[in-house]
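Undergrad: Starting from these lines, generate the structure:
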Amino acid sequence: MNEPVVKEDESVVRPAMRLTLSCDHRVIDGAVGAAFLQELKRIIESPLRSLLLMRLHKEEGNAMRKGAVEKLRSQLEEAAVKHTGIRENKTRDIFSDRRYITPDDLLVTNYLRRRPVAAFNPGGMLLNNGMVMLFPRLVFDYYTYNSSIGLILINMDDLLVRRIAKPIECEIVLWPDKIWEFGHGCEDARVHVHGDLVYLLYTGSKHYHDERGRLVKQSVQALATLELHQLDCPAKKLGYFSVMDRAGEKTVMGCKDSAFLKFDVSEASMLLRLDVGDRLACWRGKADLSSMTFDLDSLYPVMLPESWEHKVGWSTNAIEYAPGKYLVGWHAVMKEDLSYKNGLAVVDEVGKLLAASNYLLVPSGVNEWYGDRGGVIFGDTLILYEDRLIWIGGVSDYAMGVFVADLDTVLSSLRPV
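TA: Numbers count the residues shown, from 1 in each chain. Sure, this is the predicted structure:
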């Protein structure tokens with residue numbers, strides 16, 4: 001409607017509208033609501049100014065992202081000189097004791113489809129009661145490879161002597177219901193227990209359209225929790241990590257295959273794999289769990305692909321086998337045949353590399369070479385049990401493998417770097 005208003009010390013008639021906002025003061029302060037109304041008034045009265053400011057903010061954000069990426073890329077190039085040549089293209093397959101858990105062995109109890117077509121890449125942990133909790137990645141169809149994460153409980157001694165009662169009951173605890181899980185869903189859990197909480201690091205497949213309208217696919221490192229004494233409840237999703245610089249600006253970067261090292265409820269040192277440049281490498285860094293951010297200044301490459309490898313990444317949880325020393329699995333994809341080969345490394349509590357092995361676990365035979373993604377043993381669980389190291393991982397993207405080795409043999413395979 002038209003109303004008289006003062007314009008440049010003169011009374012004129014102009015189109016006007018009234019804006020009213022109701023605020024629930026239990027949730028929001030009235031001053032914040034008033035500030036919102038004033039900003040909305042400015043946008044409506046000066047739309048061109050608002051568009052220009054939005055453009056400037058976008059350019060500033062792009063510049064911040066470019067700055068973060070360039071810093072990490074520069075560190076990667078420097079590390080390529082220092083951190084290659086520490087491993088050899090040699091295999092000592094010490095995990096000779098092998099057994100498998102297939103999708104046919106599972107019975108899903110809380111979903112209409114009872115048996116997945118694939119169950120692989122299980123994160124896991126040994127509990128004090130002798131039970132192993134495993135969180136396999138579940139796929140029920142191959143139309144979009146959409147994944148969820150389930151939970152199964154198996155007695156460790158039964159697992160080692162191959163007397164598991166079947167079918168093994170499995171409950172889905174994480175399924176894709178967020179926009180940042182829109183692609184392949186929830187993938188490849190890593191498990192850490194602290195107090196009464198189970199922390200699940202998992203990969204979300206984020207899809208979004210960029211400023212040119214192109215569909216961009218990006219992996220994000222997500223985090224969820226479960227109550228240790230209420231494992232039959234769905235996991236609580238906490239979001240996914242961004243990289244934050246000193247100015248507090250956040251940049252979402254491709255990230256996956258992470259593990260916790262030194263940990264408390266507010267912050268943790270971590271191992272992670274960032275998508276930076278054309279070298280997919282193993283990184284370390286510091287995470288703020290309250291803001292779900294990685295400190296940009298703390299991120300540094302630890303292990304890079306060698307000349308015969310396409311990429312490397314962390315594979316498993318990290319276990320503290322001696323004070324301040326953590327054992328963790330890693331994987332490499334071979335240029336020659338695209339197979340996944342696996343080794344072990346020792347890092348300190350902030351992720352600095354202390355020792356590394358050559359390849360200790362490689363695919364062998366029809367069960368490990370033939371599958372939806374053949375030639376793969378991948379992730380995701382390391383367990384120390386008596387005098388043995390147990391590696392539980394995915395087999396060719398369809399089944400789970402349990403691989404057992406003598407701990408002394410494992411440690412003798414590691415070389416200081």
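Undergrad: Show me where the stretch 51-200 of the chain dips below the pLDDT cut-off.
TA: Low-confidence regions of the stretch 51-200 of the chain, defined by pLDDT under 70, span residues 51-66.
Undergrad: can you pull out the strands in the stretch 1-150 of the chain?
TA: 2-7, 10-15, 97-101, 106-108, 118-126, 131-139, 147-155 (DSSP state E, counting those that start in this stretch).
Undergrad: mind putting those in CSV, distance to residue 385 and mean neighbour count included?
TA: To be clear about C-beta, it is placed using only N, CA and C from the backbone, and glycine gets the same treatment. Supplementary listing: the strands of the stretch 1-150 of the chain in CSV, determined by distance: least, CB to CB, whole Å; neighbours: other CB atoms under 10 Å:
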stretch, distance to residue 385, mean neighbour count
strand 2-7, 79, 10
strand 10-15, 76, 9
strand 97-101, 12, 16
strand 106-108, 23, 19
strand 118-126, 7, 26
strand 131-139, 9, 25
strand 147-155, 12, 21
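Undergrad: and residue 332, which of the ones you listed is closest to it?
TA: Comparison of the strands of the stretch 1-150 of the chain against residue 332 by CB to CB identifies strand 118-126 as nearest, at 16.4 Å.
Undergrad: Tell me which strands that closest one pairs with, and in which orientation.
TA: Strands adjacent to strand 118-126 in the sheet, as given by DSSP bridges, are strand 131-139 (antiparallel).
Undergrad: CA atoms only: put the strand it pairs with into CSV for me.
TA: Once non-C-alpha atoms are left out, strand 131-139 reads as follows in CSV (Å, rounded to 0.1, in the frame of the first residue of the first chain):
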residue,chain,number,x,y,z
MET,A,131,32.3,-60.2,22.2
VAL,A,132,33.3,-58.6,19.0
MET,A,133,31.0,-55.9,17.7
LEU,A,134,31.3,-55.5,13.9
PHE,A,135,29.7,-52.8,11.8
PRO,A,136,29.6,-54.1,8.2
ARG,A,137,28.6,-52.0,5.2
LEU,A,138,25.4,-53.5,3.8
VAL,A,139,24.2,-53.2,0.2
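Undergrad: Kindly state the pLDDT recorded for residue 32?
TA: What the model reports for residue 32 is a pLDDT of 62.
Undergrad: that older thread, with distance to residue 238 added, can I get the strands of the stretch 1-150 of the chain in CSV?
TA: What follows is the strands of the stretch 1-150 of the chain, written out as CSV (distance: least, CB to CB, whole Å):
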stretch, distance to residue 238
strand 2-7, 49
strand 10-15, 47
strand 97-101, 29
strand 106-108, 25
strand 118-126, 16
strand 131-139, 16
strand 147-155, 15
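Undergrad: Tell me which of the ones you listed sits nearest to residue 295.
TA: By CB to CB (comparing all of the strands of the stretch 1-150 of the chain), the closest turns out to be strand 118-126, at 24.5 Å.
Undergrad: How far does the closest one sit from its chain's centre?
TA: The chain centroid and the centroid of strand 118-126 are separated by 14 Å, computed with CA atoms, centre = their mean, to the nearest Å.
Undergrad: Show the contacting residues for the closest residue to residue 361 other than its chain neighbours.
TA: For residue 361, ignoring the flanking residues on the chain, the nearest one in space by CB to CB, 6 or more residues apart in numbering is residue 342 at 4.1 Å. For residue 342, the contacting residues are 315, 329-332, 359-362, 377-378, 391, 393, taking CB atoms under 8 Å, 6 or more residues apart in numbering as the criterion.
Undergrad: swap in residue 107?
TA: Neighbour list for residue 107: 114, 115, 167, 168, 169, 170 [criterion: CB under 8 Å, 6+ apart].
Undergrad: try 10 Å
TA: Going by CB atoms under 10 Å, 6 or more residues apart in numbering, residue 107 touches 114, 115, 152, 166, 167, 168, 169, 170.
Undergrad: From residue 140, how far out is the second one?
TA: Residue 115 is 8 Å from residue 140, where distance means CB to CB, to the nearest Å.
Undergrad: Which stretches in this structure count as helices?
TA: With DSSP state H as the criterion, the chain has helices at 30-45, 47-82, 156-160, 365-369, 407-412.
Undergrad: you'd agree residue 299 is up against residue 273?
TA: No - in terms of CB atoms under 10 Å, residue 299 does not count as a neighbour of residue 273; the distance is 11.3 Å.
Undergrad: Pull up the overlap in contacts between these two.
TA: With contacts defined as CB under 10 Å, 6+ apart, the residues shared by residue 299 and residue 273 are residue 283.
Undergrad: count of residues packed around residue 38?
TA: Taking other CB atoms under 10 Å as the neighbour definition, residue 38 ends up with a count of 11.
Undergrad: er, residue 280 actually
TA: By other CB under 10 Å, the burial measure for residue 280, its neighbour count, is 22.
Undergrad: follow-up on the earlier one: now the contacts of residue 342 in a markdown table, with neighbour count?
TA: Shown next, in a markdown table, are the contacts of residue 342 (neighbours: other CB atoms under 10 Å):
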| residue | neighbour count |
| --- | --- |
| 315 | 32 |
| 329 | 27 |
| 330 | 23 |
| 331 | 25 |
| 332 | 25 |
| 359 | 22 |
| 360 | 23 |
| 361 | 26 |
| 362 | 18 |
| 377 | 25 |
| 378 | 24 |
| 391 | 25 |
| 393 | 28 |
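Undergrad: Most widely separated two among those?
TA: 332 and 391 (15.2 Å).
Undergrad: Return the distance of residue 238 relative to residue 247.
TA: From residue 238 over to residue 247 (counting by CB to CB), the distance is 24 Å.
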